[in-house]
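Enquirer: predicted model, plus sequence, below.
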Amino acid sequence: MDQATLLINSRYTTPQHIYRTRSPPPPPLSASSNAEKSKRLEQTFDEFNESWLVYWNAYIELQNQLYESLKTAREVTWLGATDNAKMSEINAAQRQLFSTMPRRLDYVPLGQINRSMDYALSKINELLTALFSEKEKCKRLEDAIDILTDKANKTKQELQSES
């Protein structure tokens with residue numbers, strides 16, 4: 001029997017488990033002082049900032065990898081050029097695609113920040129909406145990666161069968 005549980009035999013035919021808590025429940029929020037609330041809020045923002053740095057590092061790592069993959073895939077498309085006209089056509093199409101590519105983010109100082117609770121909550125909601133959208137777009141990216149991987153493998157097999 002697990003040490004964290006107590007076995008109680010009662011009118012039930014099978015024993016029922018009651019789980020002990022390892023620490024007392026937290027005090028109700030109304031009993032907290034302003035200093036405790038302030039400390040909790042500060043800790044929450046510290047934890048958020050740490051998670052933002054983890055997100056930032058993952059974002060930069062992914063962005064760099066995407067640029068490398070895009071560059072390599074671009075070079076592979078050139079291999080399909082059978083003559084100068086086809087090469088020119090591929091270059092024109094790629095130039096148009098690259099002209100629509102968003103620029104990398106530049107640092108811009110935030111300037112004056114509204115520190116009201118309503119503004120903070122609206123910014124958090126804005127972030128949550130953006131993250132949800134981002135997650136959906138990552139799913140689309142995963143699908144696109146699967147398709148490109150499949151086509152790259154097929155192309156590789158064709159090239160190997162030719163040699």
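Expert: Structure's in. What do you need?

Enquirer: any idea how far E75 is from K156?
Expert: According to CB to CB, to the nearest Å, E75 and K156 sit 14 Å apart. For every residue, glycine as well, the C-beta is placed using N, CA and C.

Enquirer: cool, W56 as well?
Expert: Applying CB to CB to W56 and K156 gives a distance of 35 Å.

Enquirer: mind checking what secondary structure W52 has?
Expert: What DSSP: H, G, I helix; E, B strand; the rest coil gives for W52 is helix.

Enquirer: retrieve the pLDDT associated with it.
Expert: Here, the pLDDT recorded for W52 equals 95.

Enquirer: so what's the residue count around it?
Expert: 11 (other CB atoms under 10 Å).

Enquirer: just the pLDDT at the one residue sitting closest to the centre of the chain, thanks.
Expert: Geometric centre of the chain, nearest residue: K135, 6.1 Å, by CA atoms, centre = their mean. At K135, the model reports a pLDDT of 96.

Enquirer: now do D2
Expert: For D2, the predicted pLDDT is 42.

Enquirer: likewise S10?
Expert: pLDDT, read off for S10, is 37.

Enquirer: kindly report the same for the one 4 residues further on.
Expert: Note on T14: pLDDT of 45.

Enquirer: same question, the one 4 residues further on
Expert: Among the per-residue scores, I18 holds a pLDDT of 43.

Enquirer: how about P24?
Expert: For P24, the predicted pLDDT is 53.

Enquirer: how about the strands in the chain?
Expert: Listed in chain order, the strands of the chain (DSSP state E) span residues 5-8, 16-19.

Enquirer: may I ask which helix or strand of this protein has the lowest mean pLDDT?
Expert: Lowest by mean pLDDT, DSSP states H and E among the helices and strands of the chain is strand 5-8, with a mean of 38.

Enquirer: show me where pLDDT drops low in the protein?
Expert: Residue ranges of the chain with pLDDT under 70: 1-32.

Enquirer: where's I60 relative to L105, distance?
Expert: 10 Å.

Enquirer: could you do I145 as well?
Expert: 23 Å.

Enquirer: in terms of neighbours, single out the busier of these two.
Expert: I145 (12 against 9).

Enquirer: quick one, what contacts that one?
Expert: By CB atoms under 8 Å, 6 or more residues apart in numbering, the contact set of I145 is empty.

Enquirer: so what's the residue count around the residue nearest to A73 when sequence neighbours are not counted?
Expert: Leaving aside its sequence neighbours, A73 sits nearest to L148 (CB to CB, 6 or more residues apart in numbering; 6.7 Å). The number of residues packed near L148 is 13, by other CB under 10 Å.
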